[in-house]
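Enquirer: Okay, predicted coordinates and the sequence, questions at the end:
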Amino acid sequence: MPDSIDSRRARIYSVVSLIPTGYVTTYGQVAVLAGIPGQARQVGYALAALSGDHDVPWHRVINAKGEISLRTHGDDGNRQHALLEEEGLRFDSNGRIALSRFGWRPENRA
DNA sequence: GATCTGACCACCG
DNA sequence: CCGGTGGCCAGAT
């Protein structure tokens, strides 16, 4: 009995949409919260498959290194960086985000 | 309808 | 931190 899921993607979108402004989370974290620990890939694919119609703050999702992933460093990558800064996030010299500082934790879950 | 490709992470060393 | 391996799904051609 599948929980069923409309698909793991639906869960992922839900979790991501729960991320508070000014915070970021990693794909792995989202995967866990979505109920698919270890399958961070699915998260990446899910976000990648996002279409123009979505209310999901995908820009708040970054890789475990605290850096923006996006293989295609195009508008999306640039956009994510801008959006995060706009939300008050800070990037270090390496262009990374201090997860220890802005990393969203379920305990902090507003 | 099969094949290819794509925002990753955990574990091991 | 880096490198290699395994695990998973959906969309596009």
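Expert: Received the coordinates, thanks. Residues are numbered from 1 along each chain as shown, chains lettered A, B, ... in the order given.

Enquirer: just checking, A:Val43 touches A:Val61?
Expert: Yes - with contacts counted by CB atoms under 8 Å, A:Val43 reaches A:Val61, the gap being 7.1 Å. Yep, even glycine has a C-beta here, placed from its N, CA and C like the rest.

Enquirer: Same drill for those two, tell me which one is more crowded.
Expert: When A:Val43 and A:Val61 are compared for neighbours, A:Val43 comes out ahead with 29 against 26, by other CB atoms under 10 Å.

Enquirer: Next up, identify which helix or strand that one is on.
Expert: Counting by DSSP states H and E, the element that carries A:Val43 is helix A:40-48.

Enquirer: Next one: A:Gly88 from DNA strand C, what distance?
Expert: As defined by CB to the nearest atom of the strand, to the nearest Å, A:Gly88 lies at a distance of 23 Å from DNA strand C.

Enquirer: Now that that residue has come up, it's in contact with A:Tyr23, right?
Expert: No - counting by CB under 8 Å, no contact exists between A:Gly88 and A:Tyr23, whose distance comes to 9.4 Å.

Enquirer: which one of those two has more residues nearby?
Expert: Residue environment comparison for A:Gly88 versus A:Tyr23 gives the larger neighbour count to A:Tyr23, 22 against 10, counting by other CB under 10 Å.

Enquirer: okay, the more buried one: pLDDT?
Expert: On pLDDT, A:Tyr23 comes in at 92.

Enquirer: contacting residues for it?
Expert: Listed by CB atoms under 8 Å, 6 or more residues apart in numbering, the contact set of A:Tyr23 reads A:Arg60, A:Phe102, A:Gly103, A:Trp104, A:Asn108.

Enquirer: Look up the closest residue to the first one, ignoring the ones flanking it.
Expert: This means A:Arg60. With CB to CB, 6 or more residues apart in numbering as the measure, A:Ile19 is the residue that lies nearest to A:Arg60, at 4.4 Å, once sequence neighbours are left out.

Enquirer: Hmm, that neighbour is touching A:Trp58, no?
Expert: No - the pair A:Ile19 and A:Trp58 fails to qualify as a contact (CB under 8 Å) at a distance of 9.6 Å.
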